[in-house]
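>>> Next input, structure requested:
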Amino acid sequence: MSDITIIGTGNMARGLASRALAAGKSVQLLAHEDKAKAEALASKLGGSASAGVLGDAIEGSIVIPAVYFDASKAIVTQYGDTLAGKVYVDITNPVDFSTFDSLAVSAGSSAAEELQKLTPATVVKAFNTTFAGTLVSGEVSGQQLDVLIAGDDEASVKAVSDFASAAGLNAINVGPLRRAQQLEQTGFLNILLSANEALPEYQWNSALKFLPAV
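Numbers count the residues shown, from 1 in each chain. Next up, the predicted model:
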């Protein structure tokens, strides 16, 4: 059995799995279709990472689909009631890629809230404001990454917060799941900065940081 299940084999899956292994967690990696991709990533990461394919039984009590919003909706539909009792971490920024000018969810809602309507799992929003490359090391320019976390269930939020802290990250609880609306807008802004060729210093290697007064 694994502590955390990560669905996907791309850059975000690699970053999240790197942090999970750094936290001493065992990781189950599920590829979309090609198990060889999960096996290759597990081998590259080393540690207690196992490989499988989407459709396999989910082992982790924390499930992190490192996928786009539409794919995440398909995953909760596919697994249905088997996700009951799981913490489902939504990392998505539901960008409208047809315009790249807005989010593809209704005003007053968020990807996380829409996913919660579809699954018996407890949805927690986290990691949508962190980029894949920065997660591998867990820091930018010597600064610990902030992980902004939103959720309605105290125990589930604590589970994600404890994971982030054990992974060497700074966990910040920003409030209930509806705060995902603000987190997704913030994540979108971060994406726009990184996609702006006039700002090369921010291209996918930057991080948001909240500095407390001391």
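>>> And for Ile191, the neighbour number?
As a burial measure, Ile191 scores 17 neighbours (other CB atoms under 10 Å). C-betas here are computed from N, CA, C, even on glycine.
>>> Please renumber the chain so that the first residue is 31 from this point on.
Sure, I'll start counting at 31 from here, so that last one is Ile221.
>>> Could you double-check that it sits in contact with Pro124?
No. In this structure, Ile221 sits apart from Pro124 without contact. The criterion is CB atoms under 8 Å, and the distance is 11.2 Å.
>>> what about the helices in this protein?
Assigned helices in the chain, in chain order: 41-52, 65-75, 99-109, 141-146, 162-167, 184-196, 210-225 (criterion: DSSP state H).
>>> relative to helix 210-225, how tilted is the third one?
For helix 99-109 against helix 210-225, the angle between stretch directions is 130 degrees (axes from the mean of the first three to the mean of the last three CA atoms, to 10 degrees).
>>> Show me what helix 99-109 is packed against.
Counting contacts by 3 or more CB pairs under 8 Å, 6 or more residues apart in numbering; DSSP states H and E, the secondary-structure elements packed against helix 99-109 are strand 92-95, helix 141-146.
>>> same thing but 6 Å
Judged by 3 or more CB pairs under 6 Å, 6 or more residues apart in numbering; DSSP states H and E, helix 99-109 has no packing partners among the helices and strands.
>>> Tell me the buried residues in that helix?
99, 102-106, 109 (16 or more other CB atoms under 10 Å).
>>> try the fifth one
Using 16+ other CB under 10 Å as the test for burial, helix 162-167 gives 162, 164-166.
>>> Of these, which is the nearest to Gly181?
Out of the buried residues of helix 162-167, the one with the shortest distance to Gly181 is Leu165. That distance is 19.7 Å, counting by CB to CB.
>>> Please look at the closest one and Gly45 and confirm they touch.
Yes. Proximity of Leu165 to Gly45 meets the contact threshold set by CB atoms under 6 Å, at 3.0 Å.
>>> Quick check: buried residues in stretch 104-123?
Going by neighbour count (16+ other CB under 10 Å), the buried part of stretch 104-123 is 104-106, 109, 113, 116-123.
>>> so for that stretch, what's the average pLDDT?
Throughout stretch 104-123, pLDDT has a mean value of 98.
>>> can you list the residues that contact it?
Outside of stretch 104-123, the residues within contact range by CB atoms under 6 Å, 6 or more residues apart in numbering are 92-95, 99, 102, 141-142, 145, 148-158, 186, 189-190, 214, 217-218.
>>> can you do 7 Å?
Contacts to stretch 104-123, defined as CB atoms under 7 Å, 6 or more residues apart in numbering, come from residues 37, 42, 88, 91-96, 98-99, 102, 141-142, 145, 148-158, 186, 189-190, 214, 217-218, 221.
>>> Among these, name the buried ones.
If you count burial by 16+ other CB under 10 Å, the buried members of those come out as 37, 42, 88, 92-96, 98-99, 102, 141-142, 145, 148-149, 151-158, 186, 189-190, 214, 217-218, 221.
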